[in-house]
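Colleague: turn this into a model:
(5 chains)
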Amino acid sequence: MPEPTGRLKGLKPSRRSAKDRRRSKKVGLPPGTLVHIGTEREEKVTVSVLDYDLNSVRESQIKDMEELRQFKESPSVTWINVNGVHDTKLVEIIGQIFEVHPLVLEDIVNTTQRPKADVSREYTFVVFKTLEYNADTGEIIPEQLSLILGANFLLTFQERPGDPFDPIRERIRSAAGLLRKSGADFLAYSIIDASVDHYFIVLESLAERIELLEEKLVADPKRELLAQIHRLKVDMIFLRRSVWPMREVISRLSSGDSAFVKESTRPYLRDVYDHTVHVVDSIETYRDIVSGMLDIYLSSASNRLNEIMKVLTIIATIFIPLTFVSGWYGMNFKDMPELTWKWGYPMVIAIALSITTIMLVFFKRNKWI
Amino acid sequence: MPEPTGRLKGLKPSRRSAKDRRRSKKVGLPPGTLVHIGTEREEKVTVSVLDYDLNSVRESQIKDMEELRQFKESPSVTWINVNGVHDTKLVEIIGQIFEVHPLVLEDIVNTTQRPKADVSREYTFVVFKTLEYNADTGEIIPEQLSLILGANFLLTFQERPGDPFDPIRERIRSAAGLLRKSGADFLAYSIIDASVDHYFIVLESLAERIELLEEKLVADPKRELLAQIHRLKVDMIFLRRSVWPMREVISRLSSGDSAFVKESTRPYLRDVYDHTVHVVDSIETYRDIVSGMLDIYLSSASNRLNEIMKVLTIIATIFIPLTFVSGWYGMNFKDMPELTWKWGYPMVIAIALSITTIMLVFFKRNKWI
Amino acid sequence: MPEPTGRLKGLKPSRRSAKDRRRSKKVGLPPGTLVHIGTEREEKVTVSVLDYDLNSVRESQIKDMEELRQFKESPSVTWINVNGVHDTKLVEIIGQIFEVHPLVLEDIVNTTQRPKADVSREYTFVVFKTLEYNADTGEIIPEQLSLILGANFLLTFQERPGDPFDPIRERIRSAAGLLRKSGADFLAYSIIDASVDHYFIVLESLAERIELLEEKLVADPKRELLAQIHRLKVDMIFLRRSVWPMREVISRLSSGDSAFVKESTRPYLRDVYDHTVHVVDSIETYRDIVSGMLDIYLSSASNRLNEIMKVLTIIATIFIPLTFVSGWYGMNFKDMPELTWKWGYPMVIAIALSITTIMLVFFKRNKWI
Amino acid sequence: MPEPTGRLKGLKPSRRSAKDRRRSKKVGLPPGTLVHIGTEREEKVTVSVLDYDLNSVRESQIKDMEELRQFKESPSVTWINVNGVHDTKLVEIIGQIFEVHPLVLEDIVNTTQRPKADVSREYTFVVFKTLEYNADTGEIIPEQLSLILGANFLLTFQERPGDPFDPIRERIRSAAGLLRKSGADFLAYSIIDASVDHYFIVLESLAERIELLEEKLVADPKRELLAQIHRLKVDMIFLRRSVWPMREVISRLSSGDSAFVKESTRPYLRDVYDHTVHVVDSIETYRDIVSGMLDIYLSSASNRLNEIMKVLTIIATIFIPLTFVSGWYGMNFKDMPELTWKWGYPMVIAIALSITTIMLVFFKRNKWI
Amino acid sequence: MPEPTGRLKGLKPSRRSAKDRRRSKKVGLPPGTLVHIGTEREEKVTVSVLDYDLNSVRESQIKDMEELRQFKESPSVTWINVNGVHDTKLVEIIGQIFEVHPLVLEDIVNTTQRPKADVSREYTFVVFKTLEYNADTGEIIPEQLSLILGANFLLTFQERPGDPFDPIRERIRSAAGLLRKSGADFLAYSIIDASVDHYFIVLESLAERIELLEEKLVADPKRELLAQIHRLKVDMIFLRRSVWPMREVISRLSSGDSAFVKESTRPYLRDVYDHTVHVVDSIETYRDIVSGMLDIYLSSASNRLNEIMKVLTIIATIFIPLTFVSGWYGMNFKDMPELTWKWGYPMVIAIALSITTIMLVFFKRNKWI
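Modeller: Residues are numbered from 1 along each chain as shown, chains lettered A, B, ... in the order given. I've put the predicted structure just below:
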């Protein structure tokens, strides 16, 4: 027996709404007050330093933030990575050492920030989302990444430990590629480039899900597909929302506004810019395809109804007249001459066969059967 | 028994139309005539003054408007807050004291004004909506706020007593933060910032309602949901309509057009600008999600119809042929040989069982049961 | 008995198509040929003059157009109002007196003109629509108004007698407000302002109709509502089409292009500009709300179908099996042992009751009843 | 008996696809190779000359193209009209005489060209569509018109004989209007103006069809209407596609880029520009109205289904229980006490009447009847 | 018997998703690392040279890439065509010889590149898609083409052997047209022009499919059409995605940014630009038409349902009352006076005929039959 409630399985609330929720904690506070907004975390915040020039590489974990002060003016390139922004005190201390504006620090600890690039005389501030695709659960896990790019240092703030930048660290250590020969701006570019590369992984996962859904639509357009199409659309909205402002961000960086981005790094940034355009373009294409799939799904549903009604109509229009005929000669009138005719019963059989034939011809002509 | 009228509960007329209604009162009047447009009010209008500099704070309630004249040129920062704009006489008097253009006064008393910023040589005029979210009723209560920013004074006009600016007053009194050290422009910024913060509360309430609706769609897509989706959409349109022009307003203020907004305040305004962009962005995202929910709802309805028709068709296609068979042998012909056969009745039982079996197999094959 | 034809009452052809119809009369004529396009009229065209300066006001009706020549260079402000443009001869004569370009005259007598502002060295030409809302019939009656603004004169051309400018005339006569102290440009502004004020009346009528429709949707979503929603949409398209180009028109006037619009009048024009933006904004909002109403209406229809089918299915699935059972024991086989059993009849009663109960439980479980 | 196949009459393939088809003939050819693209033609190409100045008019048919050479530098205005571009040899010869770039000639013989204006030092090239409305068949017949405007000559290329420019020729002959007093640019303007005037005829035919369709929707929303709405939409897309690029074309001409368009002609061109804006505007309006009509049509269909189902449900829910009751007492049990009761039959009559009454009351309450 | 599962035949996953898949191979690699992205290939990459000036043509196949070095500075025009980019080593060697930036080489071997033009001092880099239409399978086969245009050389990189440029080679060999007289920029233009010409072939195939679908919609709107409409839409999205960025690419080339594009070649490029605009325009038109076809298809489905339900309702509403009547007189009450009346049976016949007549009249009146 079919389950006729019309309930929808597999549709879960979107993840975005949960994240925006605690923005209201800041209401009423003076500007520049550091309040961590986002998923609550308990882990200890760690700070690691990777200091390098053409000749040497030094790596260390920092406990006392005062140690960072030396890197501010040193000629070697220093990458200071902070894993975790929920310890607002620590972020504030680091911010004071590198003379970062309180509003910028506020943006760093607010993990629901919209991607943007701010260029000031002292540093260039960039904030955006990295996206990690978990192939097992099919989830897209966002993380906010903030960059503060100075003359010879790069501060990065991440929400939690673990990042896709180990290949970059490896390249620095092994002196492969241009990184060791270039400045902090090229390091910043490398990090942005690696993040945008991960957008492609998410994009490809979307493409695979679209393919799978199209196959299922061909095989068996079940109701569950609708929830999956909705999930796909929500994920596409989500990806688009992260990538779209990246265009402006990278365009800003490569425009020459920032004094800390060297001329030689700009072609690389324009290359990343092209990648973001590609991602946005692909999402638009997928959106059109998915909306076409919705049309097909809805049409499948209405087609099914047609088929069901056809079956009902065929059965009913054949048997209802027949039933009437047999009911007719089931009447108990004293004086029904047909009942006593010799050919009465054969006549009724003939009538029944004619009705059936006529109806079948009619259905055939209308291509119902 | 189901209630089959197709009536829709819970859909109330939108609040906007009620507010625009009395705009026509002004038709035919010369420009600069002060006519209060909006909800009619009876309360006495109150005027409070908060005058401060780095060293001292003075608070007072004003009865005689002539007292205000002293604050126009005084070096200390003065915040004059008017609760209520329905007393157009009083607004006119204050306007004359601070030499405000009659067209600006007209805008102040018209509480259906579209948010805008007007920069003139004497002052900068800003008008926009504050939104208060009433968690109990789920209502969004708008209020128009007009700001007149001069060199050392800030005039604010509100529709009614009660505002979300008490934390600002507290910060002035306690000399916490930058307020006491800054000018009237920073006070104006703080008020705008606090108002935009409240947009986030409304935004979060929308997010919660979307989540709740998605959960209900999963559990039981009832007809009432449609009215709730419509309400949600109307509230989103409403929020968007208030926030969208705020972008221009704040962009105008932070652009350097206004002589009364100091260079040091502009980064703060740009920060608020980013917040409004965030709100608008989120509304767009929610809109897409909600329109997806509508698709799911409508598809649920059509799915239900399919299920209902399936049940009807299964019952009808099984029993209609059976009824015909039994009707057939209910005929009263004299000469129906089957009726007197020994195996006549068992034969009919066999026929009935075959029909039932065939039909069930057919339904099974088509995955109807 | 329901009226089942699916016919739609109350939908009348849109008014726009009727008006554009006679545009083809001009095909093949040389440019500058005056051809009246619009509703045909028979009334005598009247020309009235209102000539004023700070000290005096003179009013007169003009018979001989040559009298107008004196006002062209006179220092006092002259408002020449022409009621009716179907007398193209007369328009041509007036045009020659004030040295108006033939193409402009062509635009004046073509009452299907799109709103626009043309700035030339001799005069500024403005053409737009005034809208009058007839509360009795619910009709919006458009009228084309052309303005020719010179140094000290203002020519206005209307389609027919009767206009919403009597308050302006009264203010001139009574020397109230700024009119008597200002030039012809302020008079032009006052006329535009009064016309835009009437857009608000139409807007409010739309808002009221939306409210009413929403109430009806709550109470009883009848088929007639669809025609009303369509009418509402057509009226909104119509209003939008009149107001949208007004933004450009007024923006052009207030920009400083025109030598005849004084600096002091510009803030007033910017004020009117804000009003048109407000109207366009509101129409957009209404459009979104109305499209949401359409969704609700369509869903109501499909909901009704669901309810109807539910009733049919409930009745049919309960009684069809019962009818089969009773038909079964109506068979006339000689050898039906049940018919002669002592408990045969009670058994059938029990079967009938069980079937009914099972079906009712099934419907209850599926929340159909 | 209704024709139940769901077939759609009256929908014919769109005309555009047929015309674009032979564009592929050019693939692989070097640029500047003249290949006629469009409907194949056999007619002899004719070339006529109209040479005029303030004092005289000379008309002739040209056989030997070398005769045209004299008009290239002559001070009188010369209008050379070529009827037919399928004779690419002839076009090439004329092109060589007037030193026209091969790419321009290529555009002239390709009758699927998008409207555009090209300004070069030697001449100004304009290509666009004229539209003729055939009132009998309701067809819109497009024709490509190419203009080459030099200092004192105007070359026009048409696809076939017959054009809407006879009034212009008449005005030249009769020395009426400005044509004889003006240069070749005014002649070009006159031709463009006449063509745009014909857009209005097409526009009005669309308006009439919309009106007619709205009336039919009111009277009887038959399935054929859908095909007509589709045709209307396709025609609107077609008209829009011809008119939209005309805006750029005329805007380019009136901008002052072209040395051959005199200052005095520009106001006339701006006037034509306004006309094209009007046409585009009207199409947008019609599009909105037509999409509203589609909603009404689709809702009519679903309304009809509702009505049909109501009738079925009313009949079925009244008679199915009655049939059961009568079937019940048709059972042949030995022991059915009711059958022998004195009041048995009247009781059943009473039951039947009650069922009917209850059902009728239920339908009444639900407003089904 | 109809196949009632609602399955959809003929819908295959879109081709795009398959191609983007391997973009993730690059994640984590330093910029400038050459990784071939696209369909994996095994063929040997071939390099052919076509070196020509006004007087002579030399053709050769290159084995040792060092031979290419001579062409870099030679005065004759050299076209070096590389068939296959999956041999990244080879691409790197050629890149080093012609001093191409590693990022450009990266773009060349990534065959999922978005069309773009990069202008640098050393060369101009263009990458775009050629489209080949396979008339047998109806497939559109894309191929990425990269151009590096220097002073006297043109490097082209194709994905696989076989291209539509043989007519160009033939023209070079035969010294027909302008190619032999012009520089490398004209060769680049010729290649782009030939590629854009092939877009028209794809466009025409789309037009033919639309026509065919419209014809089928007229004849028999079967469910398979929906899948075909979807395929058509996906192909249109695909074509649009390839052509749209071509506008920017060609616009960039013809703008004068590139030092290697001569003034004389620009009119030709503007001509190609017009062609791409034409293609994009046509796709927009087709999109509108196809979306109208979808409306017709969906309406056909709902129309069929209406027709089916009409048949069912007509049969049921005529026979259900008749069946009741006959059932009534099949009751076995002892005391049913009608059964023994003389006119009982004729009366019932009369009743049956009346019911049938009334119902038929009712259906006639409602235009159901």
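Colleague: do stretch A:240-252 and chain B come into contact?
Modeller: Yes - counting by CB under 8 Å from any CB of the partner chain, contacts between stretch A:240-252 and chain B involve A:Arg241. Where you see a C-beta, it was placed from the backbone N, CA and C, and this is true even at glycine.
Colleague: what residues of that stretch count as buried?
Modeller: For stretch A:240-252, burial by neighbour count (16 or more other CB atoms under 10 Å in any protein chain shown) applies to A:Arg240, A:Arg241, A:Ser242, A:Val243, A:Trp244, A:Pro245, A:Met246, A:Val249, A:Ile250, A:Ser251, A:Arg252.
Colleague: and for stretch A:115-132?
Modeller: Neighbour counts over stretch A:115-132 (16+ other CB under 10 Å) mark A:115-119, A:123-131 as buried.
Colleague: same thing with stretch A:102-119?
Modeller: Those buried within stretch A:102-119 under the rule 16+ other CB under 10 Å are A:102-119.
Colleague: equivalent analysis for stretch A:356-366, please.
Modeller: For stretch A:356-366, the neighbour count (16+ other CB under 10 Å) marks A:Met359, A:Phe362, A:Phe363, A:Asn366 as buried.
Colleague: let me have that stretch in CSV, keeping just the CA atoms, if that works.
Modeller: Written as CSV, here are the backbone C-alpha positions of stretch A:356-366 (Å, rounded to 0.1, in the frame of the first residue of the first chain):
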residue,chain,number,x,y,z
THR,A,356,-16.5,-3.6,-24.5
THR,A,357,-15.4,-3.6,-28.2
ILE,A,358,-16.7,0.0,-28.8
MET,A,359,-14.9,1.2,-25.7
LEU,A,360,-11.6,-0.5,-26.6
VAL,A,361,-11.8,1.0,-30.1
PHE,A,362,-12.4,4.4,-28.6
PHE,A,363,-9.4,4.1,-26.3
LYS,A,364,-7.2,2.8,-29.1
ARG,A,365,-8.2,5.7,-31.3
ASN,A,366,-7.2,8.1,-28.6
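Colleague: residues near the residue lying closest to A:Arg41 once chain neighbours are set aside, how many?
Modeller: Distance criterion CB to CB, 6 or more residues apart in numbering or on different chains; nearest residue to A:Arg41, sequence neighbours excluded, is A:His86 at 4.5 Å. Residues lying near A:His86 (other CB atoms under 10 Å in any protein chain shown) number 19.
Colleague: A:His86 - that's part of a helix, no?
Modeller: No - counting by DSSP: H, G, I helix; E, B strand; the rest coil, A:His86 is located in no helix; its state is coil.
Colleague: from A:Glu40, how far out is it?
Modeller: As judged by CB to CB, to the nearest Å, A:His86 and A:Glu40 stand 7 Å apart.
Colleague: show me where chain A has strands.
Modeller: Ranges of strands in chain A, per DSSP state E, are A:46-52, A:57-62, A:77-83, A:116-119, A:124-134, A:139-149, A:153-158.
Colleague: among these, which comes closest to D:Glu263?
Modeller: Nearest of these to D:Glu263, taken as CB to CB: strand A:116-119 at 47.0 Å.
Colleague: name the residues that touch the closest one?
Modeller: Around strand A:116-119, the neighbours that count as contacts under CB atoms under 8 Å, 6 or more residues apart in numbering or on different chains are A:104, A:124-127, A:245, A:248-250, A:252-253, A:257-258, B:274.
Colleague: adjacent strands (with direction) for that strand?
Modeller: The pairing partners recorded for strand A:116-119 under DSSP bridges are strand A:124-134 (antiparallel).
Colleague: centre of the chain to the partner strand, how far?
Modeller: Here strand A:124-134 is found 14 Å from its chain centre; the criterion is CA atoms, centre = their mean, to the nearest Å.
Colleague: now do it against strand A:139-149, angle only.
Modeller: 160 degrees (axes from the mean of the first three to the mean of the last three CA atoms, to 10 degrees).
Colleague: circling back to that earlier point, format the strands of chain A as JSON lines; extra columns: mean pLDDT.
Modeller: Formatted as JSON lines, the strands of chain A follow (pLDDT from 0 to 100):
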{"stretch": "strand A:46-52", "mean pLDDT": "95"}
{"stretch": "strand A:57-62", "mean pLDDT": "94"}
{"stretch": "strand A:77-83", "mean pLDDT": "95"}
{"stretch": "strand A:116-119", "mean pLDDT": "92"}
{"stretch": "strand A:124-134", "mean pLDDT": "93"}
{"stretch": "strand A:139-149", "mean pLDDT": "93"}
{"stretch": "strand A:153-158", "mean pLDDT": "96"}
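Colleague: of those strands, which approaches D:Ile308 most closely?
Modeller: When the strands of chain A are ranked by proximity to D:Ile308 (CB to CB), strand A:139-149 comes first, at 47.8 Å.
Colleague: is that closest one in proximity to chain B?
Modeller: No - residues of strand A:139-149 are not located near chain B by CB under 8 Å from any CB, the shortest gap being 13.0 Å.
Colleague: mind listing what's buried along that strand?
Modeller: Buried residues in strand A:139-149, counted by 16+ other CB under 10 Å: A:Ile140, A:Pro142, A:Glu143, A:Gln144, A:Leu145, A:Ser146, A:Leu147, A:Ile148, A:Leu149.
Colleague: the residue lying closest to A:Trp328 once chain neighbours are set aside and A:Tyr329, how far apart?
Modeller: Distance criterion CB to CB, 6+ apart; nearest residue to A:Trp328, sequence neighbours excluded, is E:Ser326 at 4.5 Å. Distance of E:Ser326 to A:Tyr329, given as CB to CB: 8 Å.
Colleague: which of the two has more residues huddled nearby?
Modeller: In terms of neighbours (other CB under 10 Å), E:Ser326 is the more surrounded of E:Ser326 and A:Tyr329; the figures are 26 against 23.
Colleague: for that one, give me its contacts.
Modeller: Going by CB under 8 Å, 6+ apart, the list of residues near E:Ser326 reads A:Phe324, A:Gly327, A:Trp328, A:Gly330, A:Met331, E:Val348, E:Ala352.
Colleague: still on that earlier bit, of the contacts of strand A:116-119, closest to C:Gln96?
Modeller: Proximity to C:Gln96 was ranked across those by CB to CB; first place goes to A:Glu248, at 57.2 Å.
Colleague: burial count for whatever residue of the stretch 151-300 of chain A ends up closest to chain C?
Modeller: As assessed by CB to the nearest CB, chain C sits closest to A:Leu298 within the stretch 151-300 of chain A, at 12.4 Å. Counted by other CB under 10 Å, the residues lying close to A:Leu298 total 17.
Colleague: distance of it from chain E?
Modeller: With distances taken as CB to the nearest CB, to the nearest Å, A:Leu298 is found 8 Å from chain E.
Colleague: that residue and B:Ser299 touch, don't they?
Modeller: Yes - A:Leu298 is within contact range of B:Ser299, at 6.4 Å (criterion: CB atoms under 8 Å).
Colleague: dump the buried residues of stretch A:115-132 to CSV, plus distance to B:Leu294.
Modeller: Converted to CSV, these look like this (distance: CB to CB, whole Å):
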residue, distance to B:Leu294
A:Pro115, 29
A:Lys116, 32
A:Ala117, 36
A:Asp118, 38
A:Val119, 42
A:Tyr123, 46
A:Thr124, 43
A:Phe125, 40
A:Val126, 37
A:Val127, 34
A:Phe128, 32
A:Lys129, 28
A:Thr130, 32
A:Leu131, 28
